[in-house]
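K.L.:
only geometry, no sequence info:
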């Protein structure tokens, strides 16, 4: 809902500006494609000025998009390489997990470490109900 309102608030003024531009620039101009003789009408078109300007802007946007696409070629290549490496790593991990047997429950576990009585050495764990000095609380 909010996207439609925002789109309307942006597109409607742009459409009105484009319409006003077209009405103000409707005189005919000759566009020549012959760089040596611009008066040769065989390689020329007569169009309204607003069409020429809008077509030039559209061609500029397309040319900029193509230039950007070619400029980002290195990043797309790196992304494909990293994706392939991640896919290979996932596959190797799945194969490794399939071949590693699960440890039997309870038999291969390590025995708990016995703790020294509280206060027997510096940094020894305190017994419940004692302060740092070992005094009963």
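P.N.:
Noted; the coordinates are in hand. These numbers were taken from a predicted model, which means no experiment stands behind them.
K.L.:
can we go C-alpha only for contacts and neighbour counts from here?
P.N.:
Fine.
K.L.:
now stretch 42-56: mean pLDDT?
P.N.:
Here stretch 42-56 scores 91 as its mean pLDDT.
K.L.:
who touches it?
P.N.:
By C-alpha atoms under 8 Å, 6 or more residues apart in numbering, the surrounding residues in contact with stretch 42-56 are 21-22, 25-34, 38.
K.L.:
and if we set it to 7 Å?
P.N.:
If you take C-alpha atoms under 7 Å, 6 or more residues apart in numbering as the criterion, stretch 42-56 is touched by 21, 22, 25, 26, 27, 28, 29, 30, 31, 32, 33, 34.
K.L.:
pull the contacting residues for the third one.
P.N.:
By C-alpha under 7 Å, 6+ apart, the contact set of residue 25 is 49, 50.
K.L.:
report pLDDT for it.
P.N.:
Per-residue pLDDT puts residue 25 at 89.
K.L.:
re the thing from before, restricted to strands, list the contacts of stretch 42-56.
P.N.:
Counting by DSSP state E, the contacts of stretch 42-56 place 28, 29, 30, 31, 32 in strands.
K.L.:
the second one: neighbour count?
P.N.:
Which is residue 29. 14 (other C-alpha atoms under 10 Å).
K.L.:
and the helices in this protein?
P.N.:
Along the chain, the stretches classed as helices by DSSP state H are 2-24, 49-71, 73-99.
K.L.:
from these, which stretch is densest packed?
P.N.:
Per-stretch averages of neighbours, counted by mean count of other C-alpha atoms under 10 Å, single out helix 49-71 among the helices of the chain, with a mean of 13.
K.L.:
and it with helix 73-99, angle?
P.N.:
Counting by axes from the mean of the first three to the mean of the last three C-alpha atoms, to 10 degrees, helix 49-71 points 50 degrees away from the direction of helix 73-99.
K.L.:
let's have the contacts of stretch 42-56 in JSON lines, adding distance to residue 61.
P.N.:
Putting the contacts of stretch 42-56 into JSON lines (distance: C-alpha to C-alpha, whole Å) gives the following:
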{"residue": "21", "distance to residue 61": "19"}
{"residue": "22", "distance to residue 61": "19"}
{"residue": "25", "distance to residue 61": "21"}
{"residue": "26", "distance to residue 61": "23"}
{"residue": "27", "distance to residue 61": "24"}
{"residue": "28", "distance to residue 61": "24"}
{"residue": "29", "distance to residue 61": "23"}
{"residue": "30", "distance to residue 61": "23"}
{"residue": "31", "distance to residue 61": "20"}
{"residue": "32", "distance to residue 61": "22"}
{"residue": "33", "distance to residue 61": "21"}
{"residue": "34", "distance to residue 61": "24"}
